[in-house]
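Peer 1: Show me how the following folds:
(chains A, B, C and D)
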There are 2 protein chains.
Amino acid sequence: MHERERQRIILSAVQDRPVVTVVELCIITGASEATIRRDIVALDAEKKLNRIRGGAESITPPQFGGLAGRPFSVNQLINIEQKRAIARAAVEMCDDGEPIIINGGTTTFQMVHPLASRRMQVFTNSFPIAEHLLNHSKNTIMLSGGTIYREQNIILSPFENDVTRNFYARRMFMGAKGLGPLGVMEGDPLIVQAEEKLIGQSDELVLLVDSSKFEARSSLVLCPLSRVDTVITDDGITDKTAAMLEAADVKLIVAKSGAAQQEGLAS
Amino acid sequence: MHERERQRIILSAVQDRPVVTVVELCIITGASEATIRRDIVALDAEKKLNRIRGGAESITPPQFGGLAGRPFSVNQLINIEQKRAIARAAVEMCDDGEPIIINGGTTTFQMVHPLASRRMQVFTNSFPIAEHLLNHSKNTIMLSGGTIYREQNIILSPFENDVTRNFYARRMFMGAKGLGPLGVMEGDPLIVQAEEKLIGQSDELVLLVDSSKFEARSSLVLCPLSRVDTVITDDGITDKTAAMLEAADVKLIVAKSGAAQQEGLAS
DNA sequence: CATAAATAATCATTGTCAATCATTTATTTT
DNA sequence: AAAATAAATGATTGACAATGATTATTTATG
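Peer 2: Numbers count the residues shown, from 1 in each chain, chains lettered A, B, ... in the order given. Coordinates of the predicted model:
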């Protein structure tokens, strides 16, 4: 076995598991400890892994250190004020006891806070939303089954036959990467797949998008504007965009970020 | 077991509950008290946890509302030593990469700590197990869909068509209320329903029961003894019970709570 | 103050590492 | 093609670090 091949195996093993020992790698590769150590030193110098006593560990930076696993650390914070106001307006649309669907996303995640004092039937494909509502509210929580995708923090099943089809709600709330004349746009095929399953499982499709989303463009069109019933956004929306939504017969709700009430406009 | 691997497990355990004792960590990791103390000192110096008398505590103060949302607060603690040892033996049966099913329960929950340093494909109907593994390990997590029942902390769907049927595993691990000549017994019809769905979705059915479960009686029989392939229990098991299991052709593994290795007996 | 638990300190044992050198394998030179 | 050279590998050894057991010391608790 040659150097490259061995190192490829070592990297594979170390990514497969947080830590691997020198002895384990010897068994896997059939090489001697001396060789494995030399490989580990080399790969460590290339920053492909971390060398530790007894073996190697994957390089994943702050796997544990900085309060691991908190939901979507980065996106979470941008336009946070608007997102909060929008999410609050969304929750205020609902009555206790109603069944709703919340699609995963950073804007929809903000709904958990106003939902904490409610008692609704919430169906979601977002693990963090379920986690938060379960621990901090009395809502009934229903979850879609499947694999948990860590990056997008959603649960996705490649199969047609999951519980999703058995849940029908008064409203479905979802975010989006962008919203324009072409319709609702997303940036990730995985998310499109998840959302396609849920669209159509409710009376009313409500889109939560801060006003910056009207500028965003993306190649993946999830559905045309005509399928959207309501859009909740902030007061940064332009008259032109409002007119476009009105033309598509979409109900528009503008959430005031600073103050209290939401106001219905147009239709 | 090596330093990093052990320390990952310790961090996993300390996130799970406000405080963990040195003795508990010994059982989970199989290391000596001296080593655990040295690890705690090191992790404390790295600010990964707080060292306290008797063990360690999570660095994030009282997470949220006191004890709220902590998994199954009461049952969690009874026979905890045996449960930990049994859970460790269960994880040691598995190889990385293997698909396994973990049915929700207080004993099976203890598997999360030894699993923290592994990378397996875990299918579960337990929200706390999924939550912990998602936040503190690199395992692939798959979840069954349905409603989250807060009391039992499991996810249950009344429908036949959920992803459960699409997952087939090498082993399925489950606890039980009781185990006797009549078979596996449970105390709650809801749990029976959940478990019935999962039984048969694996090559090998492994039962995790501490020895007190052999005395327990219940009215709900989940399945006959013949369907069980392996039982893992502690050294409190009587010869008579061991003989009963042997007669039913069940493989028996006795996990030593104090020391290191598990030993297979009979069969 | 007495007792038990937890911790610290010590030491023998084991496991891991770096350095060295012999051997094999690959590459270049003749 | 053969010989010479270079590189990679595996084995050996002494140094060092980690571990577990033992014993002494400290700390909590009644």
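
Peer 1: Tell me where the stretch 151-267 of chain A has strands.
Peer 2: Remark: strands assigned in the stretch 151-267 of chain A by DSSP state E, counting those that start in this stretch are A:154-156, A:169-174, A:178-180, A:183-186, A:202-208, A:220-223, A:230-234, A:251-255, A:262-265.

Peer 1: Contact partners for residue A:193?
Peer 2: residue A:156 (CB atoms under 8 Å, 6 or more residues apart in numbering or on different chains). In this view, the C-beta of every residue, glycine as well, is placed from N, C-alpha and C.

Peer 1: coming back round to it: redo the strands of the stretch 151-267 of chain A as JSON lines? Include mean neighbour count and mean pLDDT.
Peer 2: Formatted as JSON lines, the strands of the stretch 151-267 of chain A follow (neighbours: other CB atoms under 10 Å in any protein chain shown; pLDDT from 0 to 100):
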{"stretch": "strand A:154-156", "mean neighbour count": "24", "mean pLDDT": "91"}
{"stretch": "strand A:169-174", "mean neighbour count": "22", "mean pLDDT": "96"}
{"stretch": "strand A:178-180", "mean neighbour count": "21", "mean pLDDT": "92"}
{"stretch": "strand A:183-186", "mean neighbour count": "22", "mean pLDDT": "93"}
{"stretch": "strand A:202-208", "mean neighbour count": "21", "mean pLDDT": "96"}
{"stretch": "strand A:220-223", "mean neighbour count": "17", "mean pLDDT": "93"}
{"stretch": "strand A:230-234", "mean neighbour count": "24", "mean pLDDT": "95"}
{"stretch": "strand A:251-255", "mean neighbour count": "20", "mean pLDDT": "94"}
{"stretch": "strand A:262-265", "mean neighbour count": "13", "mean pLDDT": "40"}
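
Peer 1: Chain B is nearest to which of those?
Peer 2: Minimum separation from chain B across the strands of the stretch 151-267 of chain A (CB to the nearest CB) falls at strand A:154-156, 5.9 Å.

Peer 1: quick one: that closest one near chain B?
Peer 2: Yes. On the criterion CB under 8 Å from any CB of the partner chain, strand A:154-156 is in touch with chain B at residue A:155.

Peer 1: mind listing the strands in the stretch 1-150 of chain A by residue range?
Peer 2: For the stretch 1-150 of chain A, the strands defined by DSSP E, counting those that start in this stretch occupy A:19-21, A:50-52, A:55-57, A:99-102, A:121-124, A:140-143, A:146-149.

Peer 1: Mean neighbour count and distance to chain B for the ones you listed - can I get that in TSV?
Peer 2: Shown next, in TSV, are these (neighbours: other CB atoms under 10 Å in any protein chain shown; distance: least, CB to the nearest CB, whole Å):
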stretch	mean neighbour count	distance to chain B
strand A:19-21	23	5
strand A:50-52	17	5
strand A:55-57	24	5
strand A:99-102	26	11
strand A:121-124	25	9
strand A:140-143	23	5
strand A:146-149	21	5
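
Peer 1: These: which one's closest to DNA strand D?
Peer 2: Comparing the strands of the stretch 1-150 of chain A by their distance to DNA strand D (CB to the nearest atom of the strand), the top pick is strand A:50-52, with 9.4 Å.

Peer 1: how far does that closest one sit from the chain's center?
Peer 2: Here strand A:50-52 is found 32 Å from its chain centre; the criterion is CA atoms, centre = their mean, to the nearest Å.

Peer 1: Can you name every helix or strand that it contacts?
Peer 2: helix A:33-45 (3 or more CB pairs under 8 Å, 6 or more residues apart in numbering or on different chains; DSSP states H and E).

Peer 1: gap between the residue lying closest to residue A:142 once chain neighbours are set aside and residue B:82?
Peer 2: Leaving aside its sequence neighbours, residue A:142 sits nearest to residue A:123 (CB to CB, 6 or more residues apart in numbering or on different chains; 4.4 Å). Distance of residue A:123 to residue B:82, computed by CB to CB, to the nearest Å: 38 Å.

Peer 1: Does residue A:42 touch residue A:7 like I think?
Peer 2: Yes. Taking contacts as CB atoms under 8 Å, residue A:42 lies within contact range of residue A:7: 7.3 Å.

Peer 1: which of those two has more neighbours?
Peer 2: Remark: of residue A:42 and residue A:7, residue A:7 carries more neighbours, 19 against 14, as counted by other CB atoms under 10 Å in any protein chain shown.

Peer 1: can you list the domains in chain A?
Peer 2: By the record's domain assignment, chain A is partitioned as A:3-57, A:75-265 (automatic domain parsing).

Peer 1: The longest one: how far from the chain's middle?
Peer 2: For domain A:75-265, the distance from its own C-alpha centre to the chain's C-alpha centre is 11 Å (CA atoms, centre = their mean).

Peer 1: Residues in a beta bridge with residue A:178, which ones?
Peer 2: Taking DSSP bridges, one finds residue A:185 as the beta-bridge partners of residue A:178.

Peer 1: burial measure for the residue of the stretch 51-200 of chain A found nearest DNA strand D, as a count.
Peer 2: Of all residues in the stretch 51-200 of chain A, the one sitting closest to DNA strand D is residue A:53 (5.3 Å; CB to the nearest atom of the strand). As a burial measure, residue A:53 scores 9 neighbours (other CB under 10 Å).

Peer 1: Would you enumerate the residues in contact with it?
Peer 2: Residue A:53 makes contact with B:2-3, according to CB under 8 Å, 6+ apart.
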